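# compute the structure for the input listed below.
(chains A and B)
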Amino acid sequence: MKEYLRSALGRVLRTMKNVPTGFLPELSVPANPDHGDFATNCAMQLARHLRRSPRVIADEIVAAFMATEHDPFYVESVTIAGAGFINFRCSDRYLYRELESCLAQGAEFGRSSTGLDKRALVEFVSANPTGPLTVGHGRNAVLGDTIARLLEWIGYAVTREYYFNDAGRQMRVLGASVRSRYEEVIAEEDQPFSTSARVVQHRHSYRAKQLAGSKTTVPASFPEDGYLGSYIIEIARELVRVHGPDLLDAKDDDCFERAAKQTILTDIRATLERLGVSMDNYFNEKSLYDSGAVSETLDALRERRMIYERDGATWFKTSELGKESDTVLVKYTGEPTYRLPDIAYHVDKMKRDYDVVINIFGADHIATYPDILRGLDVLDLDSDRVEVVIYQFVTLMRAGEEVKMSTRKANFVTLDELMDEVTPDVTRYFFAMRSAQKHLEFDLNLAREASDKNPVFYLQYAHARICSILQKAAEIALVSDPALAQLTLLEHEAEIALIKEIIQFPQIVVSCAQAREPHRLATYLRGVAEAFTRFYHSCRIIGERREVALARMALAQATGITLRNGLEILGISAPERM
RNA sequence: GCGCCCGUAGCUCAGUUGGAUAGAGCGUCUGCCUCCGGAGCAGAAGGCCAGAGGUUCGAAUCCUCUCGGGCGUACCA
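You can find the predicted model right below:
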């Protein structure tokens, strides 16, 4: 419809005098449905250029349109309103055909081939295995996965990738933390009745002072910046269960580190799985060192004369590339900063030849990616293919107070805990329903206590109700069969409004995917569910004469298809009863 | 200091490439359950779209400045 109007208007405008070549008419959907289904402002835009009043120009355009381009299949009426808007109302026949198409496509309704034969890489979550995924990672995971699903729906072949680093100082601290807890568990088992002595001992330790006011206690051997979460104790207990006290003699923390990493990574995978996120690839930063990619990248940058040495460190001349200062790539210790492997990683991504490479980053990583792009530019790789979706932080509210989150300290809420409280469905909807660039306030008390107020239930409820109606109708021998339904019987205001809502779905999917904005889909689905409940309240199905009932059942079925497919993209279940 | 993001109803947020009377949910107030699922529906109240300039037929949307909030700005990851 939109395409037809666009090209028809384009042809009309080309026949008119003095219209600039290349002028394209814009089509929009009026906010007020009384104005029509589509509107164009082109008469107003041309007014200045043609030095005539917009209304006169609009008259001319409409006359020409009606004479040469008017197709009654699409357009029922054309009117001129306001300062010079041209409004088009589409014909019911067009609506019925689109509705038929929805019913025919079923589970495929909303899929398109806009991005056919294109490949996308979506890198997201990418948390290092030092602890369980937090609420913040949840937002990242939902955004990334939903964008991936949207792209798949418009035809892309998508790879979901998780980039992680299991080496370096943070992992050594992790290993030391586990060892300390391990020793603590062993000591407790030896002297099960001396726990009070242990607490006294901690009260005198430096760490205990730091922890004053917090419930967490740690053994004296605990690293100063160790990981305080209770999951460390769980890992230590498991090691005791399997190895007993044998590990007390271990000469370094390697075995503790390995055990921790393995457990945590497995847990992360399980958490993501529970959220409905399944990665295609876990990319280990270490492999970039093993393959030589890191040193190759450094050499390549050096060849372009963008590298120099100073104070024992290796610098990247980012000041020549629009940055205030240069950037260290290799520290004086000989150890690279994270930027170098990051660049090498993206070089690797570019070599894998994707049409688009999307990264999902929290706002705290905002400063990291420009360096990556600069690196790619220097190496003549097409950095335009790299896109970054930055999301703002999640503020967790508990009993009206903000909870500051840190993986190191114990007071974070894990993604698993969140899902325990509000279910994965609600978690996904909550994170998907808001624009990524807005801060997200997550009221735990509200989410926990008041599940009946959560908007996701509104969508699921509408779906369940549709299933229930169709089921009930079947019991009295009314079987929904789109092929037999006379859709022209759908003429109630609420029916037409619902049809118009439904048939927008494919276009919505395309625009959400292209804009990388899942929240607009959530907003749209809410509108579909609202239009359905309005229809439900003004139009009965069971009890109406057979033909009308069948037509309305077809409409209900189409609504169900739209809700189901939309929820599928959001990764949320569409239950048949609740 | 500099960079990025945000500022829309009491609260949390929508608002497509600039369009016609700025919209939802929650909360508040009115109605509506012999009726396909009331987790609902219909309606009311609530706004100088942070503020000031600019661009134009037309601005919540684009530009500049100011004020407020968040996040960065490491030889930490």
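
# just the pLDDT for A:Glu296.
pLDDT, A:Glu296: 96.

# so it sits in a strand?
No. The assignment for A:Glu296, made by DSSP: H, G, I helix; E, B strand; the rest coil, is helix rather than a strand.

# tell me which element the nearest residue to it once chain neighbours are set aside is part of?
In space, and not counting its chain neighbours, A:Glu296 is closest to A:Ala344: 7.5 Å by CB to CB, 6 or more residues apart in numbering. Backbone N, C-alpha and C define where each C-beta goes, glycine included. Using DSSP states H and E, A:Ala344 falls within helix A:339-351.

# just the buried residues of that helix, please?
For helix A:339-351, the neighbour count (16 or more other CB atoms under 10 Å) marks A:Arg339, A:Leu340, A:Pro341, A:Asp342, A:Ile343, A:Ala344, A:Tyr345, A:His346, A:Val347, A:Asp348, A:Lys349, A:Met350 as buried.

# stretch A:67-86 too?
Neighbour count says stretch A:67-86 has A:Glu69, A:Tyr74, A:Val75, A:Glu76, A:Val78, A:Ile80, A:Gly84, A:Phe85, A:Ile86 buried, by 16+ other CB under 10 Å.

# touching, the fifth one and A:Phe88? I think so.
Spelled out, it's A:Val78. Yes. Under the criterion of CB atoms under 8 Å, A:Val78 makes contact with A:Phe88 at 5.6 Å.

# picking up where we left off before, need the max-distance pair from the buried residues of stretch A:67-86.
Greatest spatial distance in the buried residues of stretch A:67-86: A:Tyr74 and A:Gly84, 22.1 Å, computed using CB to CB.

# secondary structure element for A:Val122, which one?
strand A:119-123.

# mean confidence (pLDDT) on that strand, please.
97.

# one step back: out of the buried residues of stretch A:67-86, who's nearest A:His439?
Relative to A:His439, and with distances defined as CB to CB, the nearest of those is A:Phe85, at 37.0 Å.

# spatially nearest residue to that closest one (excluding sequence neighbours)?
A:Ala39 (5.1 Å).

# and the helix or strand hosting the one you found, does that touch RNA strand B?
Assessed by DSSP H and E, A:Ala39 sits inside strand A:38-40. Yes. Strand A:38-40 comes into contact with RNA strand B (CB under 7 Å from any atom of the strand), by way of A:Ala39.

# same question, stretch A:547-555
No. Stretch A:547-555 stays clear of RNA strand B (CB under 7 Å from any atom of the strand), getting no nearer than 7.6 Å.

# off-centre distance for that stretch?
36 Å (CA atoms, centre = their mean, to the nearest Å).

# would you mark the buried spots in it?
A:Val548, A:Ala549, A:Leu550, A:Ala551, A:Arg552, A:Met553, A:Ala554, A:Leu555.

# about what we covered before: pull the helix or strand following the strand holding A:Val122 out as PDB, backbone CA atoms only.
Per DSSP H and E, the first helix or strand lying C-terminal to strand A:119-123 is helix A:135-153. Extracted in PDB, the C-alpha atoms of helix A:135-153 (Å, rounded to 0.1, in the frame of the first residue of the first chain):
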ATOM      1  CA  VAL A 135      21.000  -7.900  36.300                       C
ATOM      2  CA  GLY A 136      23.000  -5.600  34.100                       C
ATOM      3  CA  HIS A 137      24.200  -8.500  32.000                       C
ATOM      4  CA  GLY A 138      20.500  -9.400  31.700                       C
ATOM      5  CA  ARG A 139      19.800  -6.200  29.900                       C
ATOM      6  CA  ASN A 140      22.700  -6.800  27.600                       C
ATOM      7  CA  ALA A 141      21.600 -10.400  26.900                       C
ATOM      8  CA  VAL A 142      18.000  -9.500  26.200                       C
ATOM      9  CA  LEU A 143      19.000  -6.700  23.900                       C
ATOM     10  CA  GLY A 144      21.500  -8.700  22.000                       C
ATOM     11  CA  ASP A 145      19.400 -11.700  21.600                       C
ATOM     12  CA  THR A 146      16.300  -9.800  20.600                       C
ATOM     13  CA  ILE A 147      18.200  -7.800  18.000                       C
ATOM     14  CA  ALA A 148      19.500 -11.100  16.700                       C
ATOM     15  CA  ARG A 149      16.000 -12.600  16.500                       C
ATOM     16  CA  LEU A 150      14.700  -9.500  14.700                       C
ATOM     17  CA  LEU A 151      17.500  -9.700  12.200                       C
ATOM     18  CA  GLU A 152      16.700 -13.400  11.600                       C
ATOM     19  CA  TRP A 153      13.100 -12.500  11.000                       C
END
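
# tell me what angle helix A:135-153 forms with strand A:119-123.
With axes from the mean of the first three to the mean of the last three CA atoms, to 10 degrees as the basis, helix A:135-153 and strand A:119-123 are set at 170 degrees to each other.

# report pLDDT for the spatially most central residue of chain A.
Centroid-nearest residue in chain A, with CA atoms, centre = their mean: A:Leu143, separated by 1.7 Å. Note for A:Leu143: predicted pLDDT of 96.

# wait, it sits on A:Tyr391?
Yes. Counting by CB under 8 Å, A:Tyr391 is a contact partner of A:Leu143 at 5.8 Å.

# joint contacts of the two?
A:Ile360, A:Ala436 (CB atoms under 8 Å, 6 or more residues apart in numbering).

# how would you label A:Ile268: helix, strand or coil?
helix.

# where in the stretch 201-350 of chain A is pLDDT low?
A:201-216 (pLDDT under 70).

# sounds good, over and out.
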